[in-house]
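*Asks:* Sharing a sequence plus its predicted fold:
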Amino acid sequence: MASKTSRGMMFLLMTVFCIYHVTSAHQHDYCIIGAGPAGLQMGYFMDRAGRDYVILERNSAAGSFFELYPRHRKLISINKRYTGYTNREFNFRHDWNSLISDDDSLKFRHYSKQFFPHADTMTRYLNDFSEHFQLNIKYNTTVNKVEKEMSDSRIYSIDVDNGDRYQCGTLIVATGMWVPKQLNVTGAELLTGYEDMSTDVDDYEGDQILILGMGNSAFETANHIISATSDIYMLSRDIIKLSFQTHYVGDVRAVNDEYVDTYQLKSLNAVLTDDARSLEFFNTSNGDVEVGRKTDNGSFTFFETSMDSRFGKVIRCLGFTFNYSIFSEEIIPESDRNMKFPKLNSDYQMEGNDGLYVIGGASHSLDAKRSSGGFIHGFRYTVQAVHNILEQKNHGIVWPHRRMPATELLNNLLKRINEASALYQMFVYFGDVITIQGNEVEYFDDYPLRTLPDFEKVTGRPVGGDGIIVFYYDYGKNYSYPGSDVFRGDRVNNALHNAHLSNFLHPILCHYKKLPSWADMPPYPSEPDVLPVADYYHHIAEDLFTKWTNPTTHILPARQFIDKVLNKDMRYFFDETCFYQAMSHKSVPEHCARFLQGRGVSRHLLLGKPVFCNKSGGICP
């Protein structure tokens, strides 16, 4: 009996210990790692929705990335304070720094008058944002390890440096891309990293400098030190990709490409195409770094026989990668082919880890080298989309949408075409989806198009049997690539009959008779297209100032496309004209049908046949 009692007491103690062990952790529905712009943006949405969340930040303030980067302190995100319009949504198209909020005082335009602001301004803005909304942030909390809870694989456990543990059902990683990309070669320790290079120009006085890399950080560095150096060599295995040619905001921006002039105008600076992974680096007796490769006979050569292979400094500017080190082996994500971004599903979940989402710069893997998801003016919208996904998945809240008569579709569509900011910045990858429900439609803003086959699951709304219309923006197919002549004489195609040949960013409408399946979707990332081929397309001709309001060139063709898709006449008429149509025709435009029914004319007999009936407001056969 005593033995049974002892065993019972032992079981009770073990149970109490286990309960204490689990409940002693800080438990939340949502854990967000990182208080950069993406983490703050998600915190804002969580706070407004009344969700139980916590943000874990390793530093003592929000937005600490911008305390160090960019090293030479000029942001390349534009701060366009005036557009000539007062439309809030339209102006957000040209505000590349602000987070989404309901407080206009927290627009970046109030923080700086500079078109390319100083990075210190960004840290001040982000901390004001977090304090204004009193977001639940735990500062000075470094995440050491993320793993699944042994007792429940649906729970994520987060161990932090002070010995505490946090547990949550949904984990959102907003750490960004901050791990400097290294070079695994002989003498790599002799390289000076972009992350810790001196920004004092005098430290480069009279030196010959080699810069590894040919992105914005490399050009930014060259421009900063060019006044002090004797000559600079910039080396990369890729050609220079200029953003005004590729229309990708992450390629070299004009604000950073002053160095190109000095190369082309023969001012003792050079751009070299070679693979740095094949090089070796050695110390010289005077402290310089000698660079080259060994040949088969053992001699040491550089790129050209006339080039001095000794440099005062070799600066590594190869960009950044995702921090994989915090994840346990069972959940560590796969990376893309360049070992830069984590592989994600179309809904921003890590592959194979339900409930683990990535937002911010690291989520750029889904639209890299094309759209703006790696930057604030893009990922503020992808964060909003992830929040909407979680609201439906975890709380049954349907995706925000509007239900309206089909006669109102054109007006709503034109409004969105002329002001939508999410679609403008996340072109191709985000769109508006309109589901056709007989004589009514449901309009869903800012939808991530890669999830289209799961539309009903993601939004919580049925599609119905009448198909969908998708509206998005894109550039011309043969206009955006490195080396393209974007100033060629035929670059503008704004004529009505050539709308499909538009080169600049322009609206595209497409109609699917049924919701595409996953089998229909183009394979990612091998195919550049996001959506499968639609049943009907309509391109709205490009416009220099993105004003699609011309009655003949823009509005009429769009209305005719809607007429074709809905198989209805969607024109608007005055009451007198509607009455005349009803008295002289067997059928009338949809607007008149609704008008006449609203006036009580439900069974008007014309030529011995009933024209209108009460069947869902439609026209009787």
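*Replies:* Thanks, I have it.
*Asks:* how about stretch 48-66 as PDB, C-alpha atoms only?
*Replies:* Taking Å, rounded to 0.1, in the frame of the first residue of the first chain, the C-alpha atoms of stretch 48-66 are listed here in PDB:
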ATOM      1  CA  ARG A  48      -5.300  46.900 -33.500                       C
ATOM      2  CA  ALA A  49      -7.000  43.400 -33.800                       C
ATOM      3  CA  GLY A  50      -6.600  42.900 -30.000                       C
ATOM      4  CA  ARG A  51      -4.400  39.800 -30.300                       C
ATOM      5  CA  ASP A  52      -2.100  38.300 -27.700                       C
ATOM      6  CA  TYR A  53       1.400  38.900 -29.000                       C
ATOM      7  CA  VAL A  54       4.900  39.800 -28.000                       C
ATOM      8  CA  ILE A  55       7.900  41.200 -30.000                       C
ATOM      9  CA  LEU A  56      11.400  40.000 -29.000                       C
ATOM     10  CA  GLU A  57      14.200  42.400 -29.900                       C
ATOM     11  CA  ARG A  58      17.800  41.800 -29.100                       C
ATOM     12  CA  ASN A  59      18.900  45.400 -29.000                       C
ATOM     13  CA  SER A  60      17.800  48.300 -26.700                       C
ATOM     14  CA  ALA A  61      15.800  50.100 -29.400                       C
ATOM     15  CA  ALA A  62      13.600  49.500 -32.500                       C
ATOM     16  CA  GLY A  63      15.100  49.500 -36.000                       C
ATOM     17  CA  SER A  64      18.700  48.900 -34.800                       C
ATOM     18  CA  PHE A  65      19.700  47.800 -38.300                       C
ATOM     19  CA  PHE A  66      19.500  51.400 -39.400                       C
END
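*Asks:* Now that stretch: average pLDDT?
*Replies:* Per-residue pLDDT values across stretch 48-66 average out to 97.
*Asks:* Ok, stretch 257-265 next?
*Replies:* pLDDT averaged over stretch 257-265 equals 90, rounded to a whole number.
*Asks:* That one: which residues count as buried?
*Replies:* Residues of stretch 257-265 classed as buried: 257, 259, 260, 262, 263 (neighbour count, 16 or more other Cβ atoms under 10 Å). Where C-beta positions appear, they are placed from N, C-alpha and C, glycine not excepted.
*Asks:* Any figure for the gap between the last one and residue 152?
*Replies:* Noted for residue 263: a distance of 59 Å to residue 152, by Cβ to Cβ, to the nearest Å.
*Asks:* and what of the third one?
*Replies:* Residue 260 sits 56 Å away from residue 152 when distances are taken as Cβ to Cβ.
*Asks:* quick revisit: I'd like the buried residues of stretch 257-265 as TSV, with distance to residue 185 appended.
*Replies:* What follows is the buried residues of stretch 257-265, written out as TSV (distance: Cβ to Cβ, whole Å):
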residue	distance to residue 185
257	27
259	24
260	27
262	28
263	25
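*Asks:* Show me those that map onto helices.
*Replies:* 259, 260, 262, 263 (DSSP state H).
*Asks:* Among those, find me the one that's closest to residue 317.
*Replies:* Minimum distance to residue 317 across those is 12.0 Å, recorded for residue 259 (Cβ to Cβ).
*Asks:* thought that closest one was touching residue 219?
*Replies:* Yes: Residue 259 sits in contact with residue 219 when judged by Cβ atoms under 8 Å, with a separation of 5.5 Å.
*Asks:* what residues do the two have in common as contacts?
*Replies:* Taking Cβ atoms under 8 Å, 6 or more residues apart in numbering as the criterion, residue 259 and residue 219 both touch residue 234.
*Asks:* Specify the beta-bridge partners of residue 168.
*Replies:* Residue 168 has the following beta-bridge partners by DSSP bridges: residue 28, residue 156.
*Asks:* Could you shift the numbering so residue one becomes 12, and keep it that way?
*Replies:* Happy to do that; since the first residue is 12 now, the last one works out to residue 179.
*Asks:* List the contacts of the helix or strand where residue 58 lies.
*Replies:* Under the criterion of DSSP states H and E, residue 58 resides in helix 48-60. Outside helix 48-60, the residues within contact range by Cβ under 8 Å, 6+ apart are 41, 43-44, 46, 64, 66, 68, 73-74, 110-113, 137, 140-141, 144-148, 183, 185, 187, 370-372, 374, 387, 390-391, 394-395, 397-398, 402, 408.
*Asks:* and what of stretch 259-269?
*Replies:* Residues from elsewhere that reach stretch 259-269, judged by Cβ under 8 Å, 6+ apart: 85, 87, 127, 225-227, 230-231, 234, 237, 251-256, 379-383, 385-386, 389, 491, 493.
*Asks:* Which of these fall in helices?
*Replies:* The helices, defined by DSSP H, take in 227, 230, 231, 234, 254, 255, 256, 389 from the contacts of stretch 259-269.
*Asks:* gap between the second one and residue 332?
*Replies:* Just to be clear, that refers to residue 230. Residue 230 sits at a distance of 20 Å from residue 332 (criterion: Cβ to Cβ).
*Asks:* Do I have it right that residue 201 meets residue 325?
*Replies:* Yes: using Cβ under 8 Å, residue 201 is in contact with residue 325, at 6.9 Å.
*Asks:* the more surrounded of the two?
*Replies:* Counting neighbours by other Cβ atoms under 10 Å for residue 201 and for residue 325 shows that residue 325 has the greater number, 24 against 17.
*Asks:* Mind giving me the packing neighbours of the helix or strand containing that one?
*Replies:* Secondary-structure element containing residue 325, defined by DSSP H and E: strand 324-327. With contacts defined as 3 or more Cβ pairs under 8 Å, 6 or more residues apart in numbering; DSSP states H and E, the secondary structure elements packing on strand 324-327 are strand 203-204, strand 219-223, strand 300-305.
*Asks:* and with 10 Å instead?
*Replies:* Helices and strands in packing contact with strand 324-327 are listed as strand 203-204, strand 219-223, helix 227-236, strand 242-247, strand 300-305; criterion 3 or more Cβ pairs under 10 Å, 6 or more residues apart in numbering; DSSP states H and E.
*Asks:* Generate TSV for those, with mean pLDDT, mean neighbour count and distance to residue 526 as supplementary columns.
*Replies:* Formatted as TSV, those follow (pLDDT from 0 to 100; neighbours: other Cβ atoms under 10 Å; distance: least, Cβ to Cβ, whole Å):
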stretch	mean pLDDT	mean neighbour count	distance to residue 526
strand 203-204	96	16	49
strand 219-223	96	24	47
helix 227-236	96	23	40
strand 242-247	94	22	43
strand 300-305	85	18	55
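*Asks:* Out of the ones you listed, which is closest to residue 476?
*Replies:* Residue 476 sits nearest to helix 227-236 of all the helices and strands packed on strand 324-327, at 48.8 Å, using Cβ to Cβ.
*Asks:* Relative to the whole chain's centre, how far out is that closest one?
*Replies:* Distance of helix 227-236 from the chain centroid (Cα atoms, centre = their mean, to the nearest Å) equals 25 Å.
*Asks:* and if you look at stretch 216-227?
*Replies:* In terms of Cα atoms, centre = their mean, the centre of stretch 216-227 is set 30 Å apart from its chain centre.
*Asks:* then that stretch to PDB, C-alphas only?
*Replies:* Taking Å, rounded to 0.1, in the frame of the first residue of the first chain, the C-alpha atoms of stretch 216-227 are listed here in PDB:
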ATOM      1  CA  GLU A 216      44.100  58.500 -48.500                       C
ATOM      2  CA  GLY A 217      46.200  57.700 -51.600                       C
ATOM      3  CA  ASP A 218      45.300  53.900 -51.500                       C
ATOM      4  CA  GLN A 219      44.500  51.600 -54.300                       C
ATOM      5  CA  ILE A 220      41.300  49.800 -53.300                       C
ATOM      6  CA  LEU A 221      39.600  46.600 -54.500                       C
ATOM      7  CA  ILE A 222      35.800  46.300 -53.800                       C
ATOM      8  CA  LEU A 223      34.300  42.900 -54.100                       C
ATOM      9  CA  GLY A 224      30.600  43.100 -55.200                       C
ATOM     10  CA  MET A 225      28.700  45.300 -57.600                       C
ATOM     11  CA  GLY A 226      25.400  46.100 -55.700                       C
ATOM     12  CA  ASN A 227      24.300  49.200 -53.900                       C
END
